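Undergrad: next come a sequence and a model predicted from it.
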Number of protein chains: 2
Amino acid sequence: MKMLGSRTTLDWPDGEERFPTSVCMDCAVRRDSLCGTLAGEDLIMLHKLGRRRRLRRGESIAWAGEESRGCANVLSGILKVSALTADGREQIVGLLYPSDFVGQPFVGSFEFTVTALGDAEICTFRKSDFEGFLSTRNGMTQALLRRTFDTLSDARKRMLLLGRQSASERIADFLLQTFERIGGYSASANGPVTFDLPLSRGAIADVLGLTIETVSRQMTKLKMAGVIALPGGRAVTILKRDALRRMADAA
Amino acid sequence: MKMLGSRTTLDWPDGEERFPTSVCMDCAVRRDSLCGTLAGEDLIMLHKLGRRRRLRRGESIAWAGEESRGCANVLSGILKVSALTADGREQIVGLLYPSDFVGQPFVGSFEFTVTALGDAEICTFRKSDFEGFLSTRNGMTQALLRRTFDTLSDARKRMLLLGRQSASERIADFLLQTFERIGGYSASANGPVTFDLPLSRGAIADVLGLTIETVSRQMTKLKMAGVIALPGGRAVTILKRDALRRMADAA
DNA sequence: CGCAATGTTGACAATTCTCAAGGATCGTGG
DNA sequence: CCACGATCCTTGAGAATTGTCAACATTGCG
């Protein structure tokens, strides 16, 4: 049974900070977030509905099984979306990076838990406010629909991974996907790259449907094979990207 | 490596039948399908964009990795949405029942295969037509968004199943879910119920991320434990629904 | 009626998990 | 700045679950 962190909702806790008026214009994620479809008047209106929240590592914003009353854009940090069995086994069913959207407007319940993996910031909206806003903006509804289809495709690809791929394939896939998402410096298209994994071994295990020990052993195996290096901490160096790609798909 | 069935696209094959004008009004799935949000003028307009297609068992309508050009409502039959590894392992990532919607308007690619498990009928739309239609109907876009969120939640729950549940839990869950979806006669709320599984053992294995043999053995085990009966063919009788429910969640 | 597809069962193998111990790393407070 | 505790990571040995291969039974369709 795992520690689940402290509890908050997507409601407005007392004393939550208001945005300074100019904040959307220089928002770090505006270009890539759902709000990126907006400009001028609309952006200002949505901005008035949003509140910025700071989350500490381990803090959760939505709880499985409850009526969900909020949604949000991720500004910074990485969050996990997870599902739990009755006896406490966890499966991470999604990772949220900056500019990602969380929540399900027009749907009553949200049966998953969203937790900050490290300190994070999100821009939250009351669900009813957001729904009202969407209702008169078909373009933004379409943008959200497009995002949701993409999220669904990701989930389905991960179903293939969870149902049909071996531990080594899962690890290879995870390393590549994580690199593609967070980058790191990449000299040549195929040269070695180094980056920090944003997840602990335990979190990686919960993403991949494995145990911590299996994750650790597979990483060691890749290191021994000269495919990756583990410089220390959560850093990884991908030495043979093509080998990793080959392992990720078939095997 | 599996047989993948014959190929068709969601384009208009020559000689495809046109709807008789009245067909939407007495469409068997209208009430529950996406079209259920429409009436009058709108329904007629959408109707003009649709074509009915008959699919034979094993026939596919969309192919992994291709530019997808259509979407559809399921009228009758059951279809599978599946993902494949490079070496031919299959994971069924979704099942489509009558009134379900398939396709991803506003998204370029659809990286999964949709195949009829038995003979089926669908009502297809050119993707561009459907997008155009949605663009001036925020209500229907919202309805599709809601559906997509529901599909996403289903996929995520199945990720928990695939990543963290044992073979017996998966089978118990599958039997209950299938019963809830297709029904069958149910005397009392907890009394025994009999119904036909719409999937072969192989398809069940591909849904649950198991092998045919494991599925078969687990079924036998449930039969021996007196939880279910297997009257023959694909029929199943759930004798102890509460026992099955207990097995489905924890262990 | 007979063939092809589907389902069951058995024996054995392989992968992954569990339990356990020890080492590395990180953050905090003295 | 170092020491300490807590957390995280690695490695090993053995167990358990599930997969593989093979044979045979059953079902359904022509």
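TA: The structure has been received and is ready for your questions. Small disclaimer: the values here were computed from a predicted structure and weren't measured.
Undergrad: what does the stretch 151-251 of chain A put close to DNA strand C?
TA: Neighbours of DNA strand C within the stretch 151-251 of chain A, by Cβ under 7 Å from any atom of the strand: A:166-168, A:209-211, A:213-214, A:232-233. Yep, even glycine has a C-beta here, placed from its N, CA and C like the rest.
Undergrad: out of these, who's nearest residue B:177?
TA: Using Cβ to Cβ, residue A:209 comes nearest to residue B:177 of those, at 19.6 Å.
Undergrad: how far away is residue A:99 from chain B?
TA: 18 Å (Cβ to the nearest Cβ, to the nearest Å).
Undergrad: does that residue belong to a helix, a strand or coil?
TA: Under DSSP: H, G, I helix; E, B strand; the rest coil, the three-state class of residue A:99 is coil.
Undergrad: enumerate every residue touching it.
TA: If you count contacts by Cβ atoms under 8 Å, 6 or more residues apart in numbering or on different chains, residue A:99 has them with A:29, A:31-33, A:73-74.
Undergrad: model confidence at it, what's the number?
TA: pLDDT recorded at residue A:99 is 95.
Undergrad: output the lowest mean pLDDT helix or strand found in chain A.
TA: Scoring the helices and strands of chain A by mean pLDDT, DSSP states H and E places strand A:185-186 at the bottom, with a mean of 60.
Undergrad: re earlier: for PyMOL, what selects the buried ones among the contacts of residue A:99?
TA: Restricted to buried positions by 16 or more other Cβ atoms under 10 Å in any protein chain shown, the PyMOL selection for these reads:
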select buried, chain A and resi 29+33+73+74
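Undergrad: dump the contacts of residue A:99 to TSV, plus pLDDT, secondary structure and distance to chain B.
TA: What follows is the contacts of residue A:99, written out as TSV (pLDDT from 0 to 100; DSSP: H, G, I helix; E, B strand; the rest coil; distance: Cβ to the nearest Cβ, whole Å):
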residue	pLDDT	secondary structure	distance to chain B
A:29	88	coil	21
A:31	86	coil	19
A:32	91	coil	17
A:33	93	coil	17
A:73	95	strand	17
A:74	95	strand	17
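Undergrad: flag the shaky bits of the stretch 51-200 of chain A, pLDDT-wise.
TA: A:62-66, A:184-188 (pLDDT under 70).
Undergrad: quick one: residues contacting the residue of it found nearest DNA strand D.
TA: When distances are taken as Cβ to the nearest atom of the strand, the stretch 51-200 of chain A reaches nearest to DNA strand D at residue A:200, 3.5 Å away. Listed by Cβ under 8 Å, 6+ apart, the contact set of residue A:200 reads residue A:234.
Undergrad: same question, residue A:79
TA: Contacts for residue A:79 (Cβ under 8 Å, 6+ apart) come out as A:55, A:61, A:95-96, A:102, A:114-117, A:120, A:122.
Undergrad: near DNA strand C, which of the contacts of residue A:99 show up?
TA: Of these, not one also sits near DNA strand C (Cβ under 7 Å from any atom of the strand).
Undergrad: which stretches of the stretch 101-250 of chain A form strands?
TA: Per DSSP state E, counting those that start in this stretch, the stretch 101-250 of chain A carries strands over the ranges A:101-102, A:113-116, A:120-126, A:185-186, A:193-196, A:228-232, A:235-238.
Undergrad: thinking again about what came up before, any idea which of the residues of the stretch 151-251 of chain A next to DNA strand C has the most stuff around it?
TA: With neighbours set by other Cβ atoms under 10 Å in any protein chain shown, the maximum within those is found at residue A:209, which has 25 neighbours.
Undergrad: tell me the phi and psi of it?
TA: phi 70, psi 40 (degrees, to the nearest 10).
Undergrad: what's near enough to touch it?
TA: For residue A:209, the contacting residues are A:91, A:162, A:170, B:162-164, by Cβ under 8 Å, 6+ apart.
Undergrad: narrow the residues you listed to those in helices?
TA: Mapping the contacts of residue A:209 onto helices (DSSP state H) picks out A:162, A:170, B:162-164.
Undergrad: ok, and the closest non-adjacent residue to the residue nearest to the spatial centre of chain A?
TA: By Cα atoms, centre = their mean, chain A has its centre lying nearest to residue A:96, at 1.5 Å. Distance criterion Cβ to Cβ, 6 or more residues apart in numbering or on different chains; nearest residue to residue A:96, sequence neighbours excluded, is residue A:79 at 4.2 Å.
Undergrad: gap between the one you found and residue A:119?
TA: Distance of residue A:79 to residue A:119, given as Cβ to Cβ, to the nearest Å: 11 Å.
Undergrad: joint contacts of those two?
TA: residue A:55.
Undergrad: neighbours around residue A:111, how many?
TA: 16.
Undergrad: ditto for residue A:92
TA: Neighbours of residue A:92 (other Cβ under 10 Å): 26.
Undergrad: how about the residues of the stretch 151-251 of chain A near DNA strand D?
TA: Close to DNA strand D, as judged by Cβ under 7 Å from any atom of the strand, the stretch 151-251 of chain A has residues A:200-202, A:212-213, A:215-217, A:219-220, A:230, A:234.
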